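Enquirer: Predicted model and sequence below, questions to follow.
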Amino acid sequence: VQLVESGGGMEQPGGSLRLSCAVSGFTISNYDMSWVRQAPGKGPEWISSIIPTGISTYYIDSVKGRFTISRDNAKNTLYLQMNSLKPEDTALYYCVRGTAALGYAYWGQGTQVTVSS
């Protein structure tokens with residue numbers, strides 16, 4: 001099983017980034033998928049989940065209206081569109097299989113997002 005995140009980088013406040021997570025070893029269409037981030041010196045923080053069909057999505061309040069989770073089951077890939085970035089979004093972002101409620105089965109290696117002027 002591999003989850004490989006990409007798309008992170010350094011961006012100015014107000015900017016945008018799109019994270020991708022290419023998955024191999026299982027078919028994401030069978031699972032809820034999530035993004036989790038970890039800021040320096042802090043524990044992991046769940047930020048968003050999406051059900052297998054993609055019809056329902058969930059977000060932590062601090063990213064609602066700014067971030068959009070999506071999935072392309074045909075490409076076995078998960079995405080996170082991040083707009084209106086803030087310095088407090090700076091963190092290592094992980095793609096994970098599962099949800100906060102049911103538990104996370106697999107994690108990617110993470111992609112660093114740094115928001116700074």
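Expert: Arrived safely, thanks for sending. Here the structure is a predicted model, which means the values were calculated and not measured.

Enquirer: what about dumping the CA coordinates of stretch 12-21 to PDB?
Expert: Taking C-alpha atoms only, stretch 12-21 is exported to PDB below (Å, rounded to 0.1, in the frame of the first residue of the first chain):
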ATOM      1  CA  GLN A  12       2.000  33.700   0.300                       C
ATOM      2  CA  PRO A  13      -1.100  34.400   2.400                       C
ATOM      3  CA  GLY A  14      -4.200  34.500   0.200                       C
ATOM      4  CA  GLY A  15      -2.700  32.100  -2.300                       C
ATOM      5  CA  SER A  16      -3.700  28.700  -3.400                       C
ATOM      6  CA  LEU A  17      -2.300  25.200  -3.600                       C
ATOM      7  CA  ARG A  18      -3.700  21.900  -4.800                       C
ATOM      8  CA  LEU A  19      -2.600  18.800  -3.100                       C
ATOM      9  CA  SER A  20      -2.800  15.400  -4.800                       C
ATOM     10  CA  CYS A  21      -2.500  11.900  -3.300                       C
END
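
Enquirer: can I assume residue 17 is in contact with residue 8?
Expert: Yes - using Cβ atoms under 8 Å, residue 17 is in contact with residue 8, at 6.8 Å. Where C-beta positions appear, they are placed from N, C-alpha and C, glycine not excepted.

Enquirer: any common contacting residues for these two?
Expert: Taking Cβ atoms under 8 Å, 6 or more residues apart in numbering as the criterion, residue 17 and residue 8 both touch residue 113.

Enquirer: Where does the spatially closest residue to residue 77 that is not a sequence neighbour fall, secondary structure wise?
Expert: Nearest in space to residue 77, with sequence neighbours left out and distances taken as Cβ to Cβ, 6 or more residues apart in numbering, is residue 22 at 5.3 Å. Assigning secondary structure by DSSP states H and E places residue 22 in strand 17-24.
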